[in-house]
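Enquirer: Mind folding the following:
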Amino acid sequence: MSVRGKGITDYVVSVDVQDTPAGDGNAVGGKYRYAFSPDIAIITKSPTRLVYQMTAATKKSLSFNALYSNDGRYQLARPELSPDGRSISVLNANTQRLLINIMLQISDSVAQNLVHVDPEVLNEPELPD
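Expert: Numbers count the residues shown, from 1 in each chain. You can find the predicted model right below:
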C-alpha cells in the first residue's frame, strides 16, 4: 500500500452494541443491536487512519477481535487493535474512489458470543487541481 501526503487524518466511527433481551436486534439472531455514527465513513483525506471506537454505553465485556474487508485495491493496511480491545484502527491510503465493505468481529466474554457488524467505507479522495 502506498500512502501519499504528509499528515495522517484520524476519522473516528463510534460503534454502539447493545444486548436486546426481546430478541429484536440486528445481529446474532436478534440478540444484539448495533449502530455506527456516522452510518457510512466517507473518507476524503489521504491518508486517513480509520478508527472504530466502542461507545461508553457498550458493555465492557464486548471487545473487538478482528477487522476484515473486501479491499482488493490495497487501500487498507494491517489493522491495529488497542490493548483493551475497545478500538481497532486501520490506515486507509485513500488513493482510489471505491466502496469498501468491512466486517468487524466482536466478542462478548460473558455471553460467549461472536458479533459481526458490517460498516461501509466510501473512499472519495480529493482530486488534484
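Enquirer: what is the residue most central in space within the chain paired to in the beta sheet?
Expert: A centroid search over the chain (Cα atoms, centre = their mean) returns residue 52, at 4.3 Å, as the residue closest to the centre. Counting by DSSP bridges, residue 52 is bridged to residue 13, residue 88.
Enquirer: Isn't it up against residue 85?
Expert: No. Residue 52 is beyond contact range of residue 85, at 11.3 Å (criterion: Cβ atoms under 8 Å). Placement of C-beta: from N, CA and C, glycine included.
Enquirer: what do the two both touch?
Expert: Residues touching both residue 52 and residue 85 by Cβ atoms under 8 Å, 6 or more residues apart in numbering: residue 64.
Enquirer: Who are the contact partners of the residue nearest to the centre of the chain?
Expert: Residues counted as contacts of residue 52 (Cβ under 8 Å, 6+ apart) are 13, 15, 64, 67, 87, 88, 89, 104, 119.
Enquirer: Now for the first one: which residues touch it?
Expert: Going back to what we said before, that points to residue 13. For residue 13, the contacting residues are 36, 37, 38, 41, 50, 51, 52, 53, 119, by Cβ under 8 Å, 6+ apart.
Enquirer: could you redo the last one with a cut-off of 7 Å?
Expert: Contacts for residue 13 were tallied using Cβ atoms under 7 Å, 6 or more residues apart in numbering; they are 36, 37, 38, 41, 50, 51, 52, 119.
Enquirer: count of neighbours near the fifth one?
Expert: Spelled out, it's residue 50. Residue 50 sits with 25 neighbouring residues when counted by other Cβ atoms under 10 Å.
Enquirer: how about it, phi and psi?
Expert: Residue 50 adopts backbone torsions of phi -90, psi 120, taken as degrees, to the nearest 10.
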